[in-house]
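Student: Dropping the sequence and predicted coords here.
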Amino acid sequence: MALRTRGSITPHLSAVRRSLLARRSLVGGVALTLTALTACGGGTDGTDSAASSACEQSSGKVTLDYWSWVPGMQKAVDVWNSENPDIQVKLRTTPSGNAGTYQNMSNALKADKAPDLGQIEYDSLASFRLKGGLTDIAKCAGVTDARADFVDWTWSQVDFGAGGEDGVWAVPQDTGPMALFYRKDVFDQLGLAAPTTWDEYEAAARKIKAAKKGQYITHFSQTDPNWLTGLLWQNKAPMFERDGDSWKVTVDRPESRQVADYWQRLIDDKLVATDLQGFSPALYKSWNDGEVVSWISAAWGYSTIRDNAKSTSGRWAVAPMPQWEKGQEQAGNWGGSTTAVLAGSKHPAEAAKFALWLNTDAKALEILNREGGLYPAAKAGLDLPALQQPVDFYGKQKVFDVFAEASANVDTDFTWGPTMTDTYRFLSDGTAKATGGGSTLSDVLKDTDSQSAESLREQSLDVTD
């Protein structure tokens with residue numbers, strides 16, 4: 001992203017905040033009014049009884065198990081534990097959701113050994129609800145009153161847009177507006193400004209490759225279907241459409257194929273590294289060695305690069321995502337998570353209390369932003385001092401200016417399907433084949449489309465052509 005600077009930063013951020021709080025920004029349209037899911041999935045593993053309980057407090061000292069992959073989460077947990085001797089939280093640091101945690105969580109639910117709390121991204125929350133893996137915490141103390149504490153669209157993600165009548169199934173944690181991280185020193189040496197369009201990004205990729213053997217503008221991971229979804233999101237390519245109780249799968253659509261064909265060309269011309277997986281030691285080494293010099297990622301990515309490419313401090317910058325047409329202002333969203341109380345927890349009241357504290361307390365929000373790079377879902381988090389400060393690692397750039405702008409430019413009509421974990425698995429398997437030369441990304445879209453439709457039918461959901 002030549003870096004787009006702002007003259008007076010405070011007025012800009014205030015305007016963005018007002019915009020965020022005044023409308024259901026980012027993905028308001030992603031909200032799921034899951035009437036069909038209520039009929040098909042509610043309580044298959046006992047969640048109806050959980051929903052109807054009074055969420056009474058446990059007697060005596062309680063220990064809660066919590067799974068999360070947020071860097072630095074232990075520091076927030078330590079603060080909670082020091083202040084709450086009767087409700088202790090035991091953290092298990094896990095891989096990101098689709099890198100293994102969701103499968104392990106599903107297995108643990110089946111074995112009745114699930115943790116009390118788990119980090120679940122917005123896009124996968126409905127899948128866990130459908131399989132009866134969540135506890136309705138609407139009747140737990142303080143939960144429904146907390147609605148006003150969060151940016152509107154994020155709360156609609158956890159009650160599925162049903163105004164609370166269908167329960168509350170998690171507490172919002174963060175959002176993932178996307179931007180471009182790039183090695184400003186490398187771009188400057190080659191006379192390149194941060195690309196403002198995807199055409200410019202491709203031209204930069206060719207110049208970067210020609211300048212140094214083994215150097216790539218970015219990597220195309222086989223294991224990050226959420227990332228690919230963020231690219232589709234930017235191009236207004238929702239993967240599902242909802243009409244009443246019926247679903248239409250739209251993974252394979254013209255806007256999606258435009259994205260797929262673009263990246264297929266970069267893969268075919270060997271302009272991107274295809275042998276590096278996301279969040280891997282090999283990727284981090286490539287950042288440190290200057291072999292991969294940009295990453296289109298979410299707000300939380302700023303800590304991923306900072307913590308894993310320490311030798312490159314001061315050389316990175318952040319700019320808006322390249323656009324499909326010059327002058328556009330569209331951004332994708334990658335991730336954004338909740339803290340959910342899982343089905344079978346014997347301490348839902350205490351688990352809900354911790355989840356609310358974790359995502360609204362000023363100390364916790366500051367830790368999660370500083371250590372994990374989270375862009376908070378809580379309204380109070382938008383005013384965190386850390387979001388206003390220059391970041392040394394990024395050449396003293398106020399990087400969250402860019403993410404504040406991106407968060408207001410994410411399409412609000414993107415729709416999640418109720419079986420996203422399946423859809424992501426189809427995407428991931430297909431992408432692995434495509435990057436290996438055995439298929440194309442356009443083929444992946446077609447296959448994922450048909451496979452996702454079948455996945456919905458297997459859940460007894462109505463699917464239209």
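Tutor: That came through, no problem.

Student: What score does Thr5 have for pLDDT?
Tutor: For Thr5, the pLDDT comes out at 26.

Student: again, but for Thr312
Tutor: Thr312 carries a pLDDT value of 98.

Student: So it sits against Arg183, correct?
Tutor: Yes: applying CB atoms under 8 Å as the test, Thr312 and Arg183 come out as touching, 7.0 Å apart. The C-beta positions use only the backbone N, C-alpha and C, and glycine is treated the same way.

Student: shared neighbours, these two?
Tutor: Contact criterion CB atoms under 8 Å, 6 or more residues apart in numbering; residues shared by Thr312 and Arg183: Gly290.

Student: Between those two, which is the more surrounded one?
Tutor: Legend: neighbour count by other CB atoms under 10 Å for Thr312 and Arg183, higher for Arg183 (23 against 19).

Student: Specify the beta-bridge partners of that one.
Tutor: Trp316 (DSSP bridges).

Student: Over to Glu121?
Tutor: Beta-bridge partners for Glu121, by DSSP bridges, are Ser337.

Student: quick one, what contacts it?
Tutor: Counting by CB under 8 Å, 6+ apart, Glu121 touches 97, 226, 335-338.

Student: same question, Val251
Tutor: Neighbour list for Val251: 239, 423, 445, 448-449, 452 [criterion: CB under 8 Å, 6+ apart].

Student: any idea how far it is from Leu387?
Tutor: For Val251, the distance to Leu387 equals 34 Å [CB to CB, to the nearest Å].

Student: same question, Val143
Tutor: Relative to Leu387, and taking CB to CB, Val143 is found at 26 Å.

Student: Pass me the low-pLDDT residue ranges in the protein, would you?
Tutor: Along the chain, the parts satisfying pLDDT under 70 run over 1-53, 161-164.

Student: Mind telling me which residue is nearest the centre of it?
Tutor: Centroid check for the chain by CA atoms, centre = their mean gives Gly335 as the closest residue, at 0.4 Å.

Student: isn't it right up against Asn226?
Tutor: Yes: taking contacts as CB under 8 Å, Gly335 lies within contact range of Asn226: 6.1 Å.

Student: Tell me where this structure has strands.
Tutor: For the chain, the strands defined by DSSP state E cover 62-68, 87-93, 117-121, 171-172, 174-175, 178-183, 240-243, 246-249, 294-298, 316-319, 337-341, 375-376, 462-464.

Student: Now do the same contact list for the residue lying closest to Tyr424 once chain neighbours are set aside.
Tutor: The spatially closest residue to Tyr424, leaving aside those adjacent along the chain, is Pro225, at 4.1 Å (CB to CB, 6 or more residues apart in numbering). When contacts are counted by CB under 8 Å, 6+ apart, Pro225 touches 98, 423-425, 427-428, 431.

Student: Try it again at 7 Å.
Tutor: By CB atoms under 7 Å, 6 or more residues apart in numbering, the residues touching Pro225 are 98, 424, 427-428, 431.

Student: Dump the residues you listed to CSV, plus distance to Gly60 and neighbour count.
Tutor: Converted to CSV, those look like this (distance: CB to CB, whole Å; neighbours: other CB atoms under 10 Å):
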residue, distance to Gly60, neighbour count
Asn98, 37, 22
Tyr424, 40, 24
Leu427, 46, 27
Ser428, 44, 21
Thr431, 49, 25
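
Student: can you count the residues close to Lys310?
Tutor: Lys310 has 12 neighbouring residues, counting by other CB under 10 Å.

Student: any idea how far it lies from Phe393?
Tutor: As judged by CB to CB, Lys310 and Phe393 stand 8 Å apart.

Student: so how far is stretch 65-84 from its chain's centroid?
Tutor: 20 Å (CA atoms, centre = their mean, to the nearest Å).

Student: Please point out which parts of it sit buried.
Tutor: Neighbour-count burial for stretch 65-84 flags 65-74, 76-77, 79-81 (criterion: 16 or more other CB atoms under 10 Å).

Student: start to end distance for it?
Tutor: This stretch, stretch 65-84, spans 15 Å end to end (CA to CA, to the nearest Å).

Student: Touching that stretch from outside, list them.
Tutor: Identification of contacts with stretch 65-84 by CB under 7 Å, 6+ apart yields 88-96, 101, 105, 115-119, 303, 307, 354, 357-358, 363-364, 367-368, 371-372, 374.

Student: please redo it, this time with the cut-off set to 6 Å
Tutor: When contacts are defined by CB atoms under 6 Å, 6 or more residues apart in numbering, stretch 65-84 is touched by residues 88-92, 94, 96, 115-119, 303, 363-364, 367-368, 371-372.
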